[in-house]
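[1] I'd like to go over a predicted model; first the sequence, then the structure.
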Amino acid sequence: MGCEKDCCHAFLSCVFDYGTPVTLVISNKKVGFIFRLIQLLIITYVAVYVCWMKRSYQDTDSVISSVSTKVKGNILTNSSAEGAHVWDVAEYVIPPQGENSFFVMTNMIVTPGQTQGSCPEALSEFTRCESNIDCKIGLNEVRGNGRCPRVQTGRCGKYSETIKTCEVFSWCPIENDSIIPKTAVLGDAEDFTVLIKNNIHYPKFNFKKRNILDYINTSYLKTCTFNRKTDPDCPIFRLGDIVAEAGEVFSVMAVKGGVIGIFIDWSCNLDFPERFCVPKYSFSRLDNKHIENNVAPGYNFRFAKYFKNSENVETRTLIKAYGIRFEVIVLGEAGKFSIVPTIVNLGATLALLSLAGAVCDWFMLTFMKESDYYAKHKFIHLNDRSDSGVPLSSVGTPSYGTP
Amino acid sequence: MGCEKDCCHAFLSCVFDYGTPVTLVISNKKVGFIFRLIQLLIITYVAVYVCWMKRSYQDTDSVISSVSTKVKGNILTNSSAEGAHVWDVAEYVIPPQGENSFFVMTNMIVTPGQTQGSCPEALSEFTRCESNIDCKIGLNEVRGNGRCPRVQTGRCGKYSETIKTCEVFSWCPIENDSIIPKTAVLGDAEDFTVLIKNNIHYPKFNFKKRNILDYINTSYLKTCTFNRKTDPDCPIFRLGDIVAEAGEVFSVMAVKGGVIGIFIDWSCNLDFPERFCVPKYSFSRLDNKHIENNVAPGYNFRFAKYFKNSENVETRTLIKAYGIRFEVIVLGEAGKFSIVPTIVNLGATLALLSLAGAVCDWFMLTFMKESDYYAKHKFIHLNDRSDSGVPLSSVGTPSYGTP
Amino acid sequence: MGCEKDCCHAFLSCVFDYGTPVTLVISNKKVGFIFRLIQLLIITYVAVYVCWMKRSYQDTDSVISSVSTKVKGNILTNSSAEGAHVWDVAEYVIPPQGENSFFVMTNMIVTPGQTQGSCPEALSEFTRCESNIDCKIGLNEVRGNGRCPRVQTGRCGKYSETIKTCEVFSWCPIENDSIIPKTAVLGDAEDFTVLIKNNIHYPKFNFKKRNILDYINTSYLKTCTFNRKTDPDCPIFRLGDIVAEAGEVFSVMAVKGGVIGIFIDWSCNLDFPERFCVPKYSFSRLDNKHIENNVAPGYNFRFAKYFKNSENVETRTLIKAYGIRFEVIVLGEAGKFSIVPTIVNLGATLALLSLAGAVCDWFMLTFMKESDYYAKHKFIHLNDRSDSGVPLSSVGTPSYGTP
């Protein structure tokens, strides 16, 4: 810059020449006010919204998390059909290992003593028959919900005294899941508790923490239960409370099952001391409970316990388990001051500030009555043909020395 | 700025002074064209690429998702060794609970009636023996693939009529997994269907949706099967179709197993109405199927069913299960207009536009034949020693008043 | 710009007018040096820190990963109570399917032959009784750790020859988990190995890779074991090595269990060739091992094997399994050159460079002894009232033509 051919300065002096734009200072309150107002607006926006609210000067990192869960509780049920039965953790929590997703069985349809063989199909409008002619050997329609999900033998068998259905190859007798217990068998599971242990890690900031906070002592942990108001840091939750906070009624949900999300939010501003980084718990139902526009509502699955009877034939107890699956979902983004996003935002702000000048120039040259006068001084017009000897229009001094 | 000591303006008037650079306007088509061209290029790039294609004015959020799956289907197999057997969901889906990863058993090696004891090791070049001298009490090499994975008793036992192998402590008889059924036992599993229920959540934008779209009704759901062309929104998939879309042949893959990814892409532009945010399904094989440079190809694992025989001794049926593990992987990043990235990109663009001026100045002062003339007017040189009385070189008016 | 009403140029010529600020060039070494120094600092910072270290010119993507694991090993245990027992994978890995989280049982409390019934509660200060009066029918406190977790029958029963405890409905006999084997039953599990297969995917860059690198051949895979120095790319890990790298002692950890994280870091600079993108393994303990301020230390869960005895009554073997849960956590962010972040950072840098001018102007007009002289030439003051005929203060030439 400014380093012309005929310039006798040495290269070094040329490098250290400093160029600064010649500035036209206009002492006009209106333009000045608009200029400062725009500057103020931009700076306020950046300070308040970008820096304070959005914390754009921070680098962010996503949470890495490890969860283990442990359910506690026992239930004594007393049904006329099966007599008294005590349910403990090893029976109703499936799978038994407490990972970040656990299932608590609340209702079930048990079909004991199944063996491989053939027997009449479960009753439906599609499976009824009068004689063997109505049944087709080998017919098996996977799709068509219950139309004929199993392989037919071609025979028509006795479903009950008066009704006949097509016989099928299957584990027999066939499960009858048309009638679900209307009151959940393990409806008292709402009193069960679950201990959730959660260790988190923000690798970028080398920050580790767990949801059992430092100030909590062991004796408190042995007796506490989470309560948003009185015990917001206790990591032991009553299942009924979780479901209630998710806006559901446990006894209703227990009948057909469902999926509940347990959200642990570790969003933290790590520019503050570590003790301010605490988990926030929230709960909501994840599946859709409405019957309309839904398929297979609730949550259930089938599993079997296998036995061998005295003749060494494999038999099994099939259990269609309805229940609540709890999913522990750990969210979080930590922010900490970092130079790169700060510089980027600072640079962008500085660039924006140059907008203020552009707006004011436009305002000054368009709406002010002295706009010609301003333009005359702001702009120095050079025509294409140089050194013509003719004074150029609106060049600095001469033009207003002789108006 | 412009607030000198001898200035009699009050502080307020000083604050509202507006400074704008004095501008040299050059009416030269070449330079002007270059200037506008560069500006146009930058603005076009920003408008088309940054805004339209990359949507850099948007804030983004990653998807939070909950998946549950349910497989349906029954198979009747008829092997000479074991007779007819019907397989239902409770037997071939392991674990029975449908989470975002489920395994469908397609082939197996069953070793029934195992009890704790000692028996001759499976046949290999390392386990053959002639007499007890060839076997070593307590030898157990975990590494060395099959060399001697089990604890030897030190005796040489009869493997068959003619062959002897070292005896080992183990569940006996020992599984012989050297011969896998060449046609998958449950190869018909390709007709099974799986219902995938997926609820997603973009917490930053408080946006929730599920893959059963609102316009879909229950009766459609009961009969539909996913098809990319005819039924792209049906959440029920035929296993064979999934594998075919992943570019594999089901009957081949069923023999040794493998891992298939079911990708659900929820990438959405949330500036558009919610109905445009629909899941896109895609499928691909996740494991490596090539034999070369591979170890333990396919996908299999062993599990056992435990029984007690009439003498109350624990026996078990060991099953080496080959099959396809399906992993539902939910991807997605949602974008929505946000002021912070907009400002940052706008600022960066404005800053870039200042490059246009720098390029043109350089062009003007280097390549134009009138460059001296331009420089004379653009630059006002001030020497170090001030007020010397000597007119400075190339200062505004005098220089061209007297050429 | 510069397109006044009385301007006779056509619109086109007006558009191609090029405006460039008139620049005051000051040949002052001090100011020039400061100017170049600030520019140098900013450019160095951007080049070294932003570009080289933080690679801010890159777009980033998070890793999508699929993991399957396979444990190998056999153990022969010989306890006085139960005699010799061989443990294989199907028994000690729970669940049997190797997903990204697997559990290896190392210690256990086995309670065989449980049936539904009533029996004296496990011994504790709260369960002791002298007669039926001390027991309350139906009492069941889920909370209160062991106070009364099971439903009382109201009777006082014989716990041992001399001690009585309240009778409860339960699976009987009740598990006595007060005494854990002090030396882990399966402490030798540290010699087991685990094969970890990991396929990753960066969808944004369409980049796929697996942790079995291309140069590794099958014969190497059959015999290698991971070692940070000699075999850093072998995907087969000895459990004892993993625990040792995590800073723990296997034999100690095996007693009460714990959670170990296996981190696979796929952070890659994809501007380099693909062969430089290799996984880095690291290991650390995820749960808290300190007894103080902890609840349920270690890692354990209960599961049961169900049998039917000769009278067709369901019995079960309850197992409280202690062990190590290994969680394979795949981390990684890939970066690749992208125009958008480059432009943003370039723009921000250019905007920052304008700071250099502002700082120098301030220095020049405040600290230099010639500041008045500079200011006189830099600023052209225009008063509010225009065309007054009175020469304005400090306008270009006249002022120093006549000092």
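    Good, I have the coordinates.
[2] OK, contacts around the residue most central in space within chain A?
    Centroid-nearest residue in chain A, with C-alpha atoms, centre = their mean: A:Leu331, separated by 6.8 Å. Contacts for A:Leu331 (C-beta atoms under 8 Å, 6 or more residues apart in numbering or on different chains) come out as A:63, A:263-267, B:64, B:203. No exception for glycine: its C-beta is placed from N, CA and C like everyone else's.
[3] go with 10 Å
    A:62-63, A:65, A:263-267, A:279-280, A:282, B:62, B:64, B:201, B:203 (C-beta atoms under 10 Å, 6 or more residues apart in numbering or on different chains).
[4] same check, this time on A:Arg155
    Contacts of A:Arg155 (C-beta under 10 Å, 6+ apart): A:118, A:120, A:129, A:131-132, A:135, A:137, A:164, A:166-168.
[5] for it, helix, strand, or coil?
    At A:Arg155 the chain is in strand, as set by DSSP: H, G, I helix; E, B strand; the rest coil.
[6] Quick check: next helix or strand after the top helix by length along chain A?
    Counting by DSSP state H, the longest helix found in chain A is helix A:339-366. Later in the chain than helix A:339-366, the nearest helix or strand by DSSP states H and E is helix A:371-378.
[7] What mean pLDDT does that following helix get?
    Summarised as a single mean, pLDDT over helix A:371-378 is 82.
[8] any idea of the angle that helix forms with helix A:339-366?
    130 degrees (axes from the mean of the first three to the mean of the last three C-alpha atoms, to 10 degrees).
[9] The next helix or strand after helix A:371-378 close to chain C?
    Next along the chain after helix A:371-378, taking DSSP H and E as the criterion, comes strand A:379-382. Yes: judged by C-beta under 10 Å from any C-beta of the partner chain, strand A:379-382 and chain C are in contact via A:379-382.
[10] again with stretch A:114-128
    No: where contact is defined by C-beta under 10 Å from any C-beta, no part of stretch A:114-128 touches chain C; the two come within 13.0 Å at best.
[11] Check stretch A:225-245 too.
    Yes: Stretch A:225-245 is in contact with chain C by C-beta under 10 Å from any C-beta, via A:225, A:235-236, A:238.
[12] That stretch: which residues count as buried?
    A:226, A:234-243, A:245 (16 or more other C-beta atoms under 10 Å in any protein chain shown).
[13] just the residues you listed now: which is nearest C:Thr366?
    Of all the buried residues of stretch A:225-245, A:Pro235 has the smallest distance to C:Thr366: 60.1 Å, by C-beta to C-beta.
[14] Pretty sure that closest one sits against A:Leu213.
    Yes: here A:Pro235 reaches A:Leu213: they are 9.0 Å apart, a contact under C-beta atoms under 10 Å.
[15] got any residues that touch both of these two?
    A:Pro279.
[16] and the residue of the stretch 201-350 of chain A found nearest chain C, how many neighbours?
    Proximity of the stretch 201-350 of chain A to chain C (C-beta to the nearest C-beta) peaks at A:Gly347, 2.8 Å away. As a burial measure, A:Gly347 scores 28 neighbours (other C-beta atoms under 10 Å in any protein chain shown).
[17] So what's the residue count around the closest residue to it other than its chain neighbours?
    Among residues not flanking A:Gly347 along the chain, C:Ala348 sits closest, at 2.8 Å (C-beta to C-beta, 6 or more residues apart in numbering or on different chains). For C:Ala348, the number of neighbouring residues by other C-beta under 10 Å comes to 29.
[18] Distance-wise, check C:Ala348 relative to B:Arg275.
    38 Å (C-beta to C-beta, to the nearest Å).
[19] Please apply the same query to A:Asn100.
    32 Å.
[20] Compare neighbour counts for those two and give me the winner.
    Between A:Asn100 and B:Arg275, A:Asn100 has the larger neighbour count (other C-beta under 10 Å), namely 20 against 10.
[21] what's the helix or strand for the nearest residue to that one once chain neighbours are set aside?
    On the basis of C-beta to C-beta, 6+ apart, the spatially nearest residue to A:Asn100 that is not a chain neighbour turns out to be A:Val67, at 3.8 Å. Applying DSSP H and E as the criterion places A:Val67 in strand A:64-72.
[22] That strand pairs with which strands, parallel or anti?
    strand A:193-202 (antiparallel) (DSSP bridges).
[23] partners of the very next helix or strand once past the strand it pairs with, with directions?
    Sequence-wise, the next helix or strand downstream of strand A:193-202 (DSSP H and E) is strand A:207-210. Strand A:207-210 has the following sheet partners, assigned by DSSP bridges: strand A:193-202 (antiparallel).
[24] Tell me the buried residues in the strand it pairs with?
    So for strand A:193-202, counting by 16+ other C-beta under 10 Å, buried means A:193-202.
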